[in-house]
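J.: based on what follows, work out the 3D shape:
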Amino acid sequence: MKKKKKKINILSSISIPKKIKISPVEFLSDTKKKIDNFYIDLKKTQAREKIKLEKKRKLDKIKEQRDEERRIKKEKLDKIKAEKRQIQNQKKMLIDNEKQIRKNEEKRKKIEARQIKIEQQKIKDEEAKRIREEARKLKEEELRIKMLERQRVREEKIRIKEEKIKEKEIAAQKIREEKEKERQERNRIKDIEKQKRLDEEQKIREAARKLKYEEERLRETENRLRNMEIERQQEIERQLLKEQAEQRAKEEELRIKEEKIKAAEAERLRNEKEEYFYSNVIR
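T.: Okay, here's the model as predicted:
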């Protein structure tokens, strides 16, 4: 905006003393000189002001150019820093992926070694089971032979006794009846004991069934909590790369496989316990 020029009253700025005897010509001549000097000084002042304004505009323009250059330079530096950070993040992600791959590979090797160990243990268990079965059969055969031998001895004794004491037929009949009563009593006691064993076995089966149900409930709760934790982690890590999501899927598959192996091992141990229990009951 252009500055408004102030109106200057020249006559008001010149004080004329009273009662001074001065020639009008001289007075006008001096006044004209003063006015000319005033205009000259005013033009000089305006010229200086104009030079100052021009210098100031130039300085402001130079300052704006410098500010613009600094801003452009700062934007370039920020862009370079952002690219460096992006490169560093990519390198870090690659390193993390390689570490995760090595970790999964080690875990897979451990699981394979465990599977081999379980297979070897199954073979050993089958061999032990076969040996126990053979021993049981041998024991049953020995018991059968002993029973036959005792039966033969009893029959021989009875035959000799019948030959020697035919005259004591009535007494022998009475003795046989008493033995029959004793045998029936023994059978009755055996039946009672057998019924008690069956009742106890039923109670044990009921307790085992309850324990198994509780175990399944706990396993379901554990799986549900584990699934909730997995879902939470998946919600947090959903923005990661596709490779990390696939890696998590592989880990989940390995974990499920390991749980199946654990379940199979637990089932095998439970079957072995039941077989051992039944074998003890039979004995």
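
J.: packing partners for the helix or strand E215 falls within?
T.: Secondary structure from DSSP states H and E places E215 in helix 169-236. Here helix 169-236 touches helix 242-282, going by 3 or more Cβ pairs under 8 Å, 6 or more residues apart in numbering; DSSP states H and E. C-beta here means a position set from N, CA and C on the backbone, and glycine is covered the same way.

J.: which other helices and strands does the helix it packs on contact?
T.: When contacts are defined as 3+ Cβ pairs under 8 Å, 6+ apart, helix 242-282 sits against helix 24-164, helix 169-236.

J.: got the angle between it and helix 24-164?
T.: Counting by axes from the mean of the first three to the mean of the last three Cα atoms, to 10 degrees, helix 242-282 points 20 degrees away from the direction of helix 24-164.

J.: mind checking how far helix 242-282 is from the chain centre?
T.: 20 Å (Cα atoms, centre = their mean, to the nearest Å).

J.: same thing with stretch 210-220?
T.: Here the centre of stretch 210-220 is set off from its chain's centre by 24 Å, with Cα atoms, centre = their mean.

J.: again with stretch 119-135
T.: Remark: stretch 119-135 is offset 39 Å from the chain centroid, using Cα atoms, centre = their mean.

J.: secondary structure element for Q239?
T.: Q239 belongs to no helix or strand, assigned by DSSP H and E.

J.: can you tell me the closest non-neighbouring residue to the residue nearest the centre of the chain?
T.: Centroid-nearest residue in the chain: I230, 5.7 Å away (criterion: Cα atoms, centre = their mean). In space, I230 comes closest to E252 once its chain neighbours are excluded; the distance is 7.1 Å by Cβ to Cβ, 6 or more residues apart in numbering.

J.: what about the one you found, neighbour count?
T.: 13 (other Cβ atoms under 10 Å).

J.: hmm, it is touching E231, no?
T.: No - look at E252 against E231 with Cβ atoms under 8 Å: they stay out of range, at 11.4 Å.

J.: where does the stretch 151-283 of the chain dip in pLDDT?
T.: By pLDDT under 70, the low-scoring segments of the stretch 151-283 of the chain are 165, 171-172, 236-238, 240-242, 244-245, 276-283.

J.: again, only this time at 80
T.: For the stretch 151-283 of the chain, the stretches flagged by pLDDT under 80 are 158, 161-175, 232-249, 271-283.

J.: report the distance from stretch 48-62 to the chain centre.
T.: Here the centre of stretch 48-62 is set off from its chain's centre by 69 Å, with Cα atoms, centre = their mean.

J.: one more: stretch 173-191?
T.: On the basis of Cα atoms, centre = their mean, stretch 173-191 sits 71 Å off its chain's mean C-alpha point.

J.: do stretch 137-155 as well
T.: 64 Å.

J.: pull out the buried positions in it.
T.: Across stretch 137-155, burial judged by 16 or more other Cβ atoms under 10 Å covers no residue at all.

J.: could I get the CA-only coordinates of it as CSV?
T.: C-alpha atoms of stretch 137-155 as CSV (Å, rounded to 0.1, in the frame of the first residue of the first chain):
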residue,chain,number,x,y,z
LYS,A,137,-1.1,-118.8,28.7
LEU,A,138,1.8,-120.8,30.3
LYS,A,139,0.5,-120.1,33.8
GLU,A,140,-3.1,-121.1,32.8
GLU,A,141,-1.7,-124.4,31.3
GLU,A,142,0.3,-125.1,34.5
LEU,A,143,-2.9,-124.4,36.6
ARG,A,144,-4.9,-126.7,34.3
ILE,A,145,-2.3,-129.5,34.6
LYS,A,146,-2.2,-129.2,38.4
MET,A,147,-6.0,-129.2,38.6
LEU,A,148,-6.1,-132.4,36.4
GLU,A,149,-3.4,-133.9,38.6
ARG,A,150,-5.3,-133.2,41.7
GLN,A,151,-8.5,-134.5,40.1
ARG,A,152,-6.7,-137.7,39.1
VAL,A,153,-5.3,-138.1,42.7
ARG,A,154,-8.8,-137.5,44.1
GLU,A,155,-10.4,-140.0,41.8
